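[1] Got a sequence here, can you model it:
(chains A, B, C and D)
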Protein chains: 4
Amino acid sequence: MKHVDATLVLNTALAQAERMGVAVCVTVVDAAAWPVAFARMDGAPLGVIDVSNKKARTAALFHMDSAEFAQVAHPNGGAYTLEATNGGLTSFGGGIVLKDAKGTIVGGIGVSGASTEDDISIAQSAARTLAA
Amino acid sequence: MKHVDATLVLNTALAQAERMGVAVCVTVVDAAAWPVAFARMDGAPLGVIDVSNKKARTAALFHMDSAEFAQVAHPNGGAYTLEATNGGLTSFGGGIVLKDAKGTIVGGIGVSGASTEDDISIAQSAARTLAA
Amino acid sequence: MKHVDATLVLNTALAQAERMGVAVCVTVVDAAAWPVAFARMDGAPLGVIDVSNKKARTAALFHMDSAEFAQVAHPNGGAYTLEATNGGLTSFGGGIVLKDAKGTIVGGIGVSGASTEDDISIAQSAARTLAA
Amino acid sequence: MKHVDATLVLNTALAQAERMGVAVCVTVVDAAAWPVAFARMDGAPLGVIDVSNKKARTAALFHMDSAEFAQVAHPNGGAYTLEATNGGLTSFGGGIVLKDAKGTIVGGIGVSGASTEDDISIAQSAARTLAA
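    Predicted coordinates:
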C-alpha cells in the first residue's frame, strides 16, 4: 500500500473517532502485515497500541475481518489456537481488510480504544474511503 | 509517579498484608507501566512475582482494575485474546488503578500471593492512601 | 526423513490441493520437528504459513494427528495448556503423522489454508503416498 | 535440592515408569524452579520434554501440585490467565511439590508422556521417596 493511501485511511479513521468523541489507536498495515501508518489519539490507554496493531495484522494475514476471525479462533470455534499463531492475533472486532477500488486486498486497518462496536464502525468508514 | 509516592503505596500494602497474616508480592508501576517499587514478602511463592507485575501492568495499560478487565478479556467475554496482548495480562482481581488526589491516573498496583479477595482488598487499601 | 521423501509428500499435497481448487501452505517436518520441505501456493493468505508449520510440529512432537491432539489440548479437554507448550501448537485438524512403509514415524505434515476438512483430506492423501 | 536427592527422585520415577510399561520424561527442579535432573525414556515423544519441565516449574513456583493449580488457572476457574504467567505453566496433573522429611518444600517434579493418571502416580511415588 502506498503511504498516501494509508494516510488517507488513517486520517479518515481519526476524523470519525473525533466526531464520535472517542480516543483510539489506529494502525494501517500493508498486504504483508507491515505497518505503514499509525496514530495514538490523546487519552487512549497505552495498552491499545498493541491491540490496534494485532487487529490490523489479523485482517491482513487471514484476509478476514477480525470479527469474522473470532468465530473460528475461539475455544468454541472450529480452529481453537489459531488466535495464538503469528505472534498473537485478535479474536474480536475492529480489524478490517483494506481493498482498493478494484477489490484487491491491499492491507488491513486496526482500531482499538473505544467500544468494539465503535472500533468496528470507525474502521469500516475508513476502509470505505479506500475502496471508493 | 514519584518514588516517594510509590513507596507509600508499597508500604501500605505490605503493612495491610502483614496485619492479615498473608505473604504477597506487590508491584507498583507508573502510568507508562514501568516498575517504580516492588517487594516480595517472606514465604510468598516465586510464581507470584510475575503475577503481581502483570496485574499492575494490566491496570496501568488499560486504565481499568484487573477484575473489571476480566469481564471482557475472557473466552466468554466481548474481547477474548485481549488478555494475550502486551506480553500477557491478568484476567482476575488484584490489579488496581492508582490515582492521585485530583483523580489523575498515575499508575497501577498489583498484589498477588493471597486469595484473590485478599489481594484486591490489600491493593485497594494501598490505592486509597495515594488518593487521600 | 530424506529430502526425496519429503518432496514426494509435498508434491502429492500440492497436486491434491490444485485438483480441489484450494490454495494452501504445506510444511513437512522430520521426526525431530525440523522443516524439510515447504510451499506456499499462490493466493494462500500469509497467516497460514505459521499455521501449517505448527500443525506439522504438533503431529511430529506428539506422535498424534492435530485433530486428535485437539481432543485433550482444549479448555474442556484433559490437558488444557498442552497447546501452549513447545512454542505454541495446533488444536484443530490438518497436521498428520508421517510413517514409512514399515509403520515407523518419520515426521509430520501440516496443511493450512482451505477448510479444516479439506486441509485434513489433503494431508492424509499425502501421508498415504509415503506409507505405500 | 542436592543432586543426590534429585537423582534419587528421578531414578524412582524412571523405575516406576518402567514397571508400568510407559515411556515418560521426568524433570526435577529445585525450590527456585531451576532444573537439577532430567531424563527422557526411549520412545517418549519429543513434545513432552517441555511439558515435564513446565509441570515441575508449576509445582515449584506455586507450591501447588499442577492438578490443583488446574482448578484455578482455567477459563472456568478463579484465576484465568495465571497459566500464561512465568513463561507458561501447566493446568493438568503430573507436576508434584517435592518436600524433604521435615515437610520443607525443596522443589518440584514433572512427569509427562503417559496418561495423566499414570504421570501423577509416577510423580507421587517419586516424591514419597524424598519425604520418607
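[2] Next up, the contacts around the closest residue to A:D119 other than its chain neighbours.
    Residue nearest to A:D119 in three dimensions, not counting chain neighbours: A:G94, with 3.5 Å by Cβ to Cβ, 6 or more residues apart in numbering or on different chains. Where C-beta positions appear, they are placed from N, C-alpha and C, glycine not excepted. A:G94 makes contact with A:V51, A:S52, A:K55, A:S66, A:A67, A:G110, A:V111, A:S112, A:T116, A:D119, A:I120, A:A123, according to Cβ atoms under 8 Å, 6 or more residues apart in numbering or on different chains.
[3] if you set the cut-off to 6 Å instead, what comes out?
    A:G94 sits next to A:K55, A:V111, A:S112, A:D119, A:I120, A:A123 when contact means Cβ atoms under 6 Å, 6 or more residues apart in numbering or on different chains.
[4] And A:T12, by the same measure?
    A:T12 makes contact with A:A126, A:T129, according to Cβ under 6 Å, 6+ apart.
[5] next one: A:D42
    Applying Cβ under 6 Å, 6+ apart, no residues qualify as near A:D42.
[6] before we move on, what about A:D118?
    A:D118 neighbours (Cβ under 6 Å, 6+ apart): A:V22.
[7] That one - that's part of a strand, no?
    No. Read with DSSP: H, G, I helix; E, B strand; the rest coil, A:D118 is helix and lies in no strand.
[8] Check which helix or strand whatever residue of chain A ends up closest to chain C maps to.
    Chain A approaches chain C most closely through A:L61 (3.2 Å), counting by Cβ to the nearest Cβ. Element membership of A:L61 [criterion: DSSP states H and E] is helix A:47-62.
[9] Please save the CA atoms from that helix in PDB.
    Taking C-alpha atoms only, helix A:47-62 is exported to PDB below (Å, rounded to 0.1, in the frame of the first residue of the first chain):
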ATOM      1  CA  GLY A  47      -2.500  -1.000  26.100                       C
ATOM      2  CA  VAL A  48      -4.500  -0.400  22.900                       C
ATOM      3  CA  ILE A  49      -1.400   0.300  20.800                       C
ATOM      4  CA  ASP A  50      -0.600  -3.400  20.600                       C
ATOM      5  CA  VAL A  51      -4.300  -4.200  20.200                       C
ATOM      6  CA  SER A  52      -4.700  -2.000  17.100                       C
ATOM      7  CA  ASN A  53      -1.600  -3.500  15.600                       C
ATOM      8  CA  LYS A  54      -2.700  -7.100  16.200                       C
ATOM      9  CA  LYS A  55      -6.200  -6.300  14.800                       C
ATOM     10  CA  ALA A  56      -4.700  -4.900  11.600                       C
ATOM     11  CA  ARG A  57      -2.300  -7.900  11.300                       C
ATOM     12  CA  THR A  58      -5.200 -10.400  11.800                       C
ATOM     13  CA  ALA A  59      -7.100  -8.900   8.900                       C
ATOM     14  CA  ALA A  60      -4.200  -8.700   6.600                       C
ATOM     15  CA  LEU A  61      -2.700 -12.100   7.400                       C
ATOM     16  CA  PHE A  62      -6.000 -14.000   7.000                       C
END
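[10] Give me the buried positions along the longest helix seen in chain A.
    In chain A, ranked by residue count with DSSP state H as the criterion, the top helix is helix A:3-20. Buried residues in helix A:3-20, counted by 16 or more other Cβ atoms under 10 Å in any protein chain shown: A:D5, A:A6, A:L8, A:V9, A:L10, A:T12, A:A13, A:L14, A:Q16, A:A17.
[11] Whatever residue of chain A ends up closest to chain B and D:D100, how far apart?
    When scored by Cβ to the nearest Cβ, chain A has A:G47 as its residue closest to chain B, at 3.3 Å. Counting by Cβ to Cβ, to the nearest Å, the gap from A:G47 to D:D100 is 44 Å.
[12] How about the residue lying farthest from the centre of chain A, nearest residue that isn't a chain neighbour?
    Centroid-distance maximum for chain A: A:N76 at 23.4 Å, with Cα atoms, centre = their mean. Nearest residue to A:N76 in three dimensions, chain neighbours excluded: B:P75, at 7.3 Å (Cβ to Cβ, 6+ apart).
[13] Only alpha carbons, please: show stretch A:107-126 as CSV.
    C-alpha atoms of stretch A:107-126 as CSV (Å, rounded to 0.1, in the frame of the first residue of the first chain):
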residue,chain,number,x,y,z
GLY,A,107,-3.7,-4.4,3.7
GLY,A,108,-5.6,-4.1,6.9
ILE,A,109,-6.7,-1.5,9.5
GLY,A,110,-7.0,-2.0,13.2
VAL,A,111,-8.9,0.4,15.5
SER,A,112,-8.9,0.0,19.3
GLY,A,113,-9.7,2.1,22.3
ALA,A,114,-13.5,2.7,22.1
SER,A,115,-16.2,0.0,22.5
THR,A,116,-15.8,-2.8,20.0
GLU,A,117,-18.9,-1.6,18.1
ASP,A,118,-17.4,1.9,17.7
ASP,A,119,-14.0,0.5,16.8
ILE,A,120,-15.6,-1.5,14.0
SER,A,121,-17.7,1.4,12.8
ILE,A,122,-14.6,3.7,12.6
ALA,A,123,-12.5,1.0,10.8
GLN,A,124,-15.3,0.4,8.3
SER,A,125,-15.8,4.0,7.4
ALA,A,126,-12.0,4.4,6.9
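[14] sorry, back to before: hmm, B:G88 and the residue of chain A closest to chain B touching each other?
    No. The pair A:G47 / B:G88 is not scored as a contact, 11.9 Å apart, by Cβ atoms under 6 Å.
[15] so A:A59 touches A:L98, yeah?
    No. Under the criterion of Cβ under 6 Å, A:A59 makes no contact with A:L98, lying 7.6 Å away.
[16] avg pLDDT for the helix holding A:L61?
    Throughout helix A:47-62, pLDDT has a mean value of 98.
[17] Let me know the angle separating that helix from helix C:47-62.
    For helix A:47-62 against helix C:47-62, the angle by axes from the mean of the first three to the mean of the last three Cα atoms, to 10 degrees is 90 degrees.
[18] What helices and strands are in contact with helix A:47-62?
    Here helix A:47-62 touches strand A:25-30, helix A:66-72, strand A:95-99, strand A:105-112, going by 3 or more Cβ pairs under 6 Å, 6 or more residues apart in numbering or on different chains; DSSP states H and E.
[19] Mind listing what's buried along stretch A:67-75?
    Neighbour count says stretch A:67-75 has A:A67, A:E68, A:F69, A:A70, A:V72, A:A73, A:H74, A:P75 buried, by 16+ other Cβ under 10 Å.
[20] Give the helix, strand or coil label for the last one.
    Here A:P75 takes the coil state, with states given by three-state DSSP.
[21] Let me see the confidence value for it.
    Here, the pLDDT recorded for A:P75 equals 98.
[22] The third one now?
    At A:F69, the pLDDT value in this model is 98.
[23] related to what we said a few turns ago, compare A:G47 and B:G88 (neighbour count), which wins?
    A:G47 (24 against 19; other Cβ atoms under 10 Å in any protein chain shown).
[24] which residues touch the more buried one?
    B:L61, B:F62, B:N86.
[25] list the contacts for the last one?
    Same thing as B:N86. B:N86 touches A:G47, A:D50, B:L61, counting by Cβ under 6 Å, 6+ apart.
[26] same thing but at 7 Å, please
    Counting by Cβ atoms under 7 Å, 6 or more residues apart in numbering or on different chains, B:N86 touches A:G47, A:D50, B:R57, B:L61.
[27] Noted, bye for now.
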